[in-house]
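how would this look folded up:
(one chain, ligands or ions: 1)
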Amino acid sequence: MEIPALQKVVEGIYEHYLSRGCPCLFPRFRKLVTFNFEDYGMVPTACLESHLIIDLALRGPKKVYRATSEPTSDQGESTWLHECSRCGSMIAEHYADYSINMFREYLDFVELKAADIGAAVALPLPVINGVFGFEPDPKQKAALKKSFHWGANEAEFVTYMTAMAPCHR
Ligand SMILES: [Zn+2]
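Take a look at the predicted model:
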């Protein structure tokens, strides 16, 4: 999918989270934005949907996370602490550059202050565009596909990301 169209899809999902509270309350959002290639022992790779929704939550006109610390740096990675302005959860943002056109950013939920209302994570998590960056070898790619399945269509992605827990439907 072209990036402007994907951006619109991601904005729709983000609006759903705001209409029900905040993104923190959705385990599937948390799974998407915590994507970190290092967990898979891979070459530097990022997930486009993850980057787009992090950007909305941290820097968009309706951002809910605000930085509460100056960045700290460690081996080329910068880390900021953020607080959710709606539920008070504490989130760490990790950012690193790998080349002129390859960076990655992921979040880490340090302290959750509210109960989930979104549906539980079911793997693989379907995304439309998915991973980009350095090309993983086929074995790494196969391992990653067990957690993140890219090539989903819009309906699959939106339905998955906006699903509510049974008692909140
Ligand atoms: Zn929150």
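
okay, CA-based contacts and neighbour counts for the rest of this
Noted.

give me every residue that touches the closest residue to W80 other than its chain neighbours.
Spatial nearest neighbour of W80, chain neighbours left out: P71 (4.7 Å); criterion: Cα to Cα, 6 or more residues apart in numbering. Going by Cα atoms under 8 Å, 6 or more residues apart in numbering, P71 touches 78-81.

quick check, pLDDT for P71.
Looking at P71, its pLDDT stands at 90.

what about it, distance to N36?
To N36, P71 is 19 Å away according to Cα to Cα, to the nearest Å.

next: P166.
When Cα to Cα is the yardstick, P166 and N36 sit 29 Å from each other.

the more surrounded of those two?
Legend: neighbour count by other Cα atoms under 10 Å for P166 and N36, higher for N36 (20 against 10).

and the pLDDT for that one?
We have a pLDDT of 91 for N36.

do L125 as well
At L125, pLDDT is 97.

same question for P136.
Predicted confidence (pLDDT) for P136: 84.

tell me who's in contact with the residue nearest to it when sequence neighbours are not counted.
Nearest residue to P136 in three dimensions, chain neighbours excluded: V43, at 5.9 Å (Cα to Cα, 6+ apart). Residues in contact with V43 (Cα under 8 Å, 6+ apart) are 37, 134-136.

which parts of this structure sit against the ion?
Contact residues, the chain versus the ion (Cα under 5 Å from the ion): 22, 24, 84, 87.

filter those residues down to the buried ones.
In these, burial by neighbour count holds for 22, 24, 84, 87, counting by 16 or more other Cα atoms under 10 Å.

nearest the middle, which residue of the protein would you pick?
V33 (1.8 Å; Cα atoms, centre = their mean).
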